[in-house]
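# Only the shape, not the letters, is given here:
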């Protein structure tokens, strides 16, 4: 079980209608860890500021700092908080400022973090490559920390009617994603998410507005869940997205594009099935549909690992242990101490080993 903490955390995140209410999942995980957690939404507040389009995040943060007196301000993803704004807020509160940048770490995003990251006491990123590039550029401690799942939400569900399909992808339509999923139209494809009805795959779209519960229900009703990681072709093979851990917790057999960090969290073929490119995706999905018992066995092992190691409580426990381990003197940054991974689970060791033959499970 993750450790418990007695800390007041002010969570700053985008909690709008398209966020799947994810910030509430982080808040709930913090509360389950024993923290007092309060959420400040990126979206405009009420009143004239919202009507006139005036950003209200900074003044609302100032009021929240005075009201809640947090020991940690946790900013989820790189929100539009200028360094001078954070500097002014730090003068009115002794809280430690922590940034957790999940998701795809594009070159432009890394450049932005390079500029804004000095405002924080610690930075956590969802890509080991981004960690390595940022850690050597004068930033505070940069730690690799991928996203996670909430087993109370991301769990197997009974699905029926429009939520039943052979192959499912749920997410916003992009040209990159369209190119990949277009190879799967012969397998009983169902698409969910904004933008698909404006693409050539419009006939396969079953809904554009997908809440969190329906997101889980859509993948639960699939024989194969498709995971497409990144949009930036220069980032091929880097980082792990949130969907990797969510689909594992839901228990759906997952076809995911290969990533260097993937082996840190799941063992290829026994816990996850990956592909390299559109052609391999099509072949992998075909094999998974033809061998549903083998694919389901892999999904079952992945679910056990996700629940045992990759929940939001596990992630936030690691973050809190890292941030709270040091009590810095005034004017000094904390020194982060992160426990080394179990050698038997070491991602670096796994990535150094020769890859297993792809699809040998189905032979």
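Yep, it's here. In this text the structure is predicted, and so the values were computed from the model without any measurement.
# roughly how far is stretch 73-86 from the heart of the chain?
In this view, stretch 73-86 has its centroid 18 Å away from the chain centroid, taken as Cα atoms, centre = their mean, to the nearest Å.
# now stretch 27-37
Centre-to-centre, stretch 27-37 and its host chain are 18 Å apart (Cα atoms, centre = their mean).
# now that stretch: mean pLDDT?
The average pLDDT within stretch 27-37 is 96.
# do the same with stretch 194-210
Mean pLDDT, computed over stretch 194-210, is 94.
# Flag every buried residue along it.
Buried residues in stretch 194-210, defined by neighbour count with 16 or more other Cβ atoms under 10 Å: 195-196, 199, 201, 204-207, 210. In this view, the C-beta of every residue, glycine as well, is placed from N, C-alpha and C.
# Quick check: phi and psi on the residue most central in space within the chain?
The centre of the chain sits closest to residue 242, judged by Cα atoms, centre = their mean, with a distance of 3.0 Å. Here is the backbone geometry of residue 242 (degrees, to the nearest 10): phi -60, psi -40.
# shouldn't it be in contact with residue 154?
No: at 9.7 Å, residue 242 and residue 154 do not qualify as touching, with contact defined as Cβ atoms under 8 Å.
# what pLDDT does the closest residue to residue 230 other than its chain neighbours get?
Computed as Cβ to Cβ, 6 or more residues apart in numbering, the closest residue to residue 230 that is not its neighbour in sequence is residue 104, at 4.9 Å. Note for residue 104: predicted pLDDT of 79.
# Near residue 104, how many residues? Count them for me, please.
Neighbourhood size, residue 104 [other Cβ atoms under 10 Å]: 17.
# Let me know the secondary structure of it.
The local conformation at residue 104, judged by DSSP: H, G, I helix; E, B strand; the rest coil, is coil.
# What separation do you get for it and residue 224?
For residue 104, the distance to residue 224 equals 23 Å [Cβ to Cβ, to the nearest Å].
# show me the contacts for the nearest residue to residue 170 once chain neighbours are set aside.
Nearest residue to residue 170 in three dimensions, chain neighbours excluded: residue 192, at 4.1 Å (Cβ to Cβ, 6+ apart). Contacts for residue 192 (Cβ atoms under 8 Å, 6 or more residues apart in numbering) come out as 168-171, 205-208, 210, 214-215, 218.
# quick one: which of those residues is nearest residue 110?
Nearest to residue 110, judged by Cβ to Cβ, of those is residue 171 at 22.5 Å.
# per-residue pLDDT, that closest one?
Residue 171 is given a pLDDT of 91.
# which residue packs closest to it, ignoring adjacent ones?
In space, and not counting its chain neighbours, residue 171 is closest to residue 193: 4.8 Å by Cβ to Cβ, 6+ apart.
# Now do that neighbour against residue 201, distance only.
Remark: distance between residue 193 and residue 201 (Cβ to Cβ) = 11 Å.
# overlap in contacts of the two?
Taking Cβ under 8 Å, 6+ apart as the contact rule, the neighbours common to residue 193 and residue 201 are residue 173.
# Closest to residue 142 out of the contacts of residue 192?
The closest of the contacts of residue 192 to residue 142 turns out to be residue 171 (Cβ to Cβ; 27.4 Å).
# For the closest one, grab phi and psi.
Phi and psi for residue 171, reported as degrees, to the nearest 10, are phi 160, psi 170.
# got the contact list for residue 112?
Listed by Cβ under 8 Å, 6+ apart, the contact set of residue 112 reads residue 78.
# That one should be in a helix, yeah?
Yes: counting by three-state DSSP, one finds residue 112 located in a helix.
# And the pLDDT for it?
At residue 112, the pLDDT value in this model is 84.
# how about the strands in the stretch 251-363 of the chain?
Ranges of strands within the stretch 251-363 of the chain are 254-257, 273-275, based on DSSP state E, counting those that start in this stretch.
# out of these, deepest packed?
strand 254-257 (a mean of 25; mean count of other Cβ atoms under 10 Å).
# Just the residues contacting it, thanks.
Outside strand 254-257, the residues within contact range by Cβ under 8 Å, 6+ apart are 224-230, 244, 247-248, 262, 272-276, 281, 284-285, 288, 299, 302.
# How about stretch 30-43?
By Cβ under 8 Å, 6+ apart, the residues outside stretch 30-43 that reach it are 2-16, 23-24, 27, 57, 60-61, 64, 68, 70, 79-80, 313, 316-317, 320.
# Pull out the buried residues from the residues you listed.
2, 5, 7-13, 15, 23-24, 27, 57, 60-61, 64, 68, 70, 313, 316-317, 320.
# In helices, which of those appear?
23-24, 27, 57, 60-61, 64, 68, 313, 316-317, 320 (DSSP state H).
# could these go into CSV alongside distance to residue 135?
Below are these laid out as CSV (distance: Cβ to Cβ, whole Å):
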residue, distance to residue 135
23, 27
24, 31
27, 29
57, 28
60, 32
61, 27
64, 30
68, 31
313, 26
316, 21
317, 22
320, 20
